[in-house]
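> have a look at this fold, sequence not included:
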């Protein structure tokens, strides 16, 4: 895959947070790529660094965050880490856009939907009527009936599913090259989830943008994404092409995640399987593999030094000594 | 707060904080520390007024009328030649006396009424809440003026007015704490085991209420002192020759064109006191109730 | 919205009626002989009786209250004990001065307090924010009459920048405005502090909300996010609070009117207290209480109207 085919190329990204207890190393040496016109999924438990990763891409980190030296976030050839504030403003909403988790709180309650949408177009020097027409078009495309009239309405006049459609419309207003979706369906119920996922898939093809899709729902990832990244405690533990990864999961953590997924549990069991233990303290890191304390297949090399990514196949790698040693 | 944690059901982990840890926390806050120093200064001055006063606060000295500050009269004299510094020291007694008596009565009365509203029948609760709303409907000074018109100005009138207008605050806090405690399981359990209502209330409610009520009290003290001084400034407070910071300001106001010293001197103790108690109250709130802190 | 307005209006009337009931009850309860205090120690028992009959104080309590309310509804607040002029007319003459003062005080606090609060929230934990925080608390703590006296001393007596006393020539608006500057400051300074703190807190709350994060993610200009997206929401509770503020502004106005020798309801009532002019005091208390209730009502309505969620829900 040549460089030019990549929309996003994150290399060696490490982010820490200063806290009263010490430095929390939330992301460590993360490498991910998003190719053009592809959907890349990120999975992991809560607190694994998914949000920190996407916030770093947009440089929307909390004030106590430190991006460690050597980190690189290349977006279409520009390093986001080195961008000035005006370049960032130019980037956000225009070239990279985002759909948030909870549509109920993502829209400003006292500003009309039309104004919130046309505000995103503030960079364009076109008359207001034209902007409103574009906003109405966009709303119609995400399936909001009577779009022209509903521009006057306020967010509370829409249902949760409708609001998420509006958020998607807003994200696509400036036709961005990359759309980041941060668990866009977690707050919605299951029937709406399918509709929204279908809509996003359809619109992605229409607008020809790449997508970074964050979720903890493996079923969704399998259905929607081309590539998957599995994160654990601030590290990428496994990544690869979606079918390859799901069928030949190499990292014990990925395997356990797959076992825990309720959708995958065919037979009715008495209790749901869980991963014992919890995410390690990211202030004092163990010298070896980060997953070792919870790993059922832990052996000698795991405690000595952290594993590198080892190739499972040409499009699939995992940070696990089991892969290196062929066990 | 230690007591509050220990008072929860047996078996729960008891977190024992070192004794007086809150005091250290208070002292670590620079503003709280500053407030405490100012309050101690005022209390010290008021308690020691008899010893510290260079003159009798009633003593007239017609030859030294409206004198500017000097070695003999640290803060000058008033229109009757009385030593302002001595009068300020004694005025502090009046201010603190009014504040402590009325805030104390408000606290006790509010605690009682709040428990009554929270624990009593529904109609009583509604009636009391309506009454509290009615009290809040007055501009405080106007209410005070109306009462004074009928019963005449005096220390007791001021205390009465202040108690009536500040009781709702304490009662509301107590009421909501009572209501939220009333239906918790362990209270129901204890009552079913035969514990008397009064005992249950006293052992569970009070420890939780001490902090918020004390915070409110320390916030109310400057308000009360302001009302006393304000009414005395209007000539409707304590009767002369009893010294009050307000009446010193009143004298100073009459002679503001002759000498600015009296007004300046009369205002300073008021500023020190109100600032001191307010800063202290703010710091106490931050220490006792971190939820209310909100990024401060 | 209309129904809500009427409901709130009804509630306001009820509260004012209750407040007056409470006042009369309090006066009734306190030991003391109003007639004796009004007429002085040398009054004969006959004079006292005559006074009581004249003031209606001989009637049972609830009859007094009922008479008072019916008189109020017909616009009759009684007559001045000394000049026999109707109290309603006298208050009508003084009220505009007090309202003007309250509005100027409120404007001072809005114009300084709200931007200060916004600034503090945006530059949270900066040195200036901490300074503003201390300053706000100080503004709240210092009594308004101290501010008034010191302002009078400094700006009027010593520096002579502003006129010291009176309300200015009735024909000359500029002169009247100059006479309002210092009293307005005295009345409003405390609320500068309140508003700054309150706006800061609610701004910080709003700035942490999800939709602000989304606006940032869409690259909207920071100024628009702060002053439109966040402020529009943060201002709602502040607007509702302003009505409550008028109550303390009226209390402050009493002192400002005395200190700056301005005409107004506050000065009239204080003068009436000194001359035991009971009808004027009661009328003044009633009118200011009504003013307070009305401003709370108006600010509640404005806050409701500004919030589309409430406006359309009503």
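Yes, it's here. Model, not experiment: these values are computed from the prediction.
> point me to the residue of the stretch 51-200 of chain B nearest chain A.
Nearest residue of the stretch 51-200 of chain B to chain A, counting by Cβ to the nearest Cβ: residue B:180, 26.8 Å away. Where you see a C-beta, it was placed from the backbone N, CA and C, and this is true even at glycine.
> could I get the buried residue list for the helix or strand hosting that residue?
Secondary structure assignment for residue B:180, by DSSP states H and E: helix B:155-182. Buried residues in helix B:155-182, counted by 16 or more other Cβ atoms under 10 Å in any protein chain shown: B:155, B:157-175, B:177-178, B:181.
> near chain C, list only the ones from those residues.
Residues of these in contact with chain C (Cβ under 8 Å from any Cβ of the partner chain): B:157, B:160, B:164.
> what's near enough to touch the spatially most central residue of chain A?
Taking Cα atoms, centre = their mean, the centroid of chain A lies closest to residue A:214, which sits 3.2 Å from it. By Cβ atoms under 8 Å, 6 or more residues apart in numbering or on different chains, the contact set of residue A:214 is A:41-42, A:50-51, A:54, A:180-183.
> now the residues you listed in JSON lines, with neighbour count and secondary structure?
As requested, the contacts of residue A:214 are arranged in JSON lines below (neighbours: other Cβ atoms under 10 Å in any protein chain shown; DSSP: H, G, I helix; E, B strand; the rest coil):
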{"residue": "A:41", "neighbour count": "26", "secondary structure": "strand"}
{"residue": "A:42", "neighbour count": "29", "secondary structure": "strand"}
{"residue": "A:50", "neighbour count": "23", "secondary structure": "helix"}
{"residue": "A:51", "neighbour count": "18", "secondary structure": "helix"}
{"residue": "A:54", "neighbour count": "19", "secondary structure": "helix"}
{"residue": "A:180", "neighbour count": "26", "secondary structure": "strand"}
{"residue": "A:181", "neighbour count": "28", "secondary structure": "strand"}
{"residue": "A:182", "neighbour count": "21", "secondary structure": "strand"}
{"residue": "A:183", "neighbour count": "20", "secondary structure": "coil"}
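> out of those, the closest to residue B:39 would be?
Proximity of the contacts of residue A:214 to residue B:39 (Cβ to Cβ) peaks at residue A:51, which lies at 46.5 Å.
> what's near enough to touch that closest one?
A:182, A:214.
> how close does residue C:263 get to residue C:291?
Separation of residue C:263 from residue C:291 (Cβ to Cβ, to the nearest Å): 16 Å.
> tell me which of those two has more neighbours.
Taking other Cβ atoms under 10 Å in any protein chain shown, residue C:263 and residue C:291 do not tie; residue C:291 has more neighbours (21 against 15).
> wait, that one touches residue C:99, no?
Yes - here residue C:291 reaches residue C:99: they are 7.5 Å apart, a contact under Cβ atoms under 8 Å.
> can you give me how far stretch A:16-23 is from the chain middle?
Remark: stretch A:16-23 is offset 24 Å from the chain centroid, using Cα atoms, centre = their mean, to the nearest Å.
> so what sits opposite the residue nearest to the centre of chain A in the bridge?
Assessed by DSSP bridges, residue A:214 has beta-bridge partners residue A:42, residue A:182.
> could you check which helix or strand contains residue B:44?
Assigned by DSSP H and E, residue B:44 falls within helix B:30-47.
> next structured bit after that helix?
Counting by DSSP H and E, the element after helix B:30-47 in chain order, helix or strand, is helix B:49-52.
> got a list of contacts for that next one?
For helix B:49-52, the surrounding residues in contact (Cβ under 8 Å, 6+ apart) are B:45, B:86, B:89-90, B:92-93.
> now the angle from the next helix or strand after that helix to helix B:155-182?
Under the assignment DSSP H and E, the closest C-terminal helix or strand after helix B:49-52 is helix B:84-119. Between helix B:84-119 and helix B:155-182, the angle comes out at 40 degrees (axes from the mean of the first three to the mean of the last three Cα atoms, to 10 degrees).
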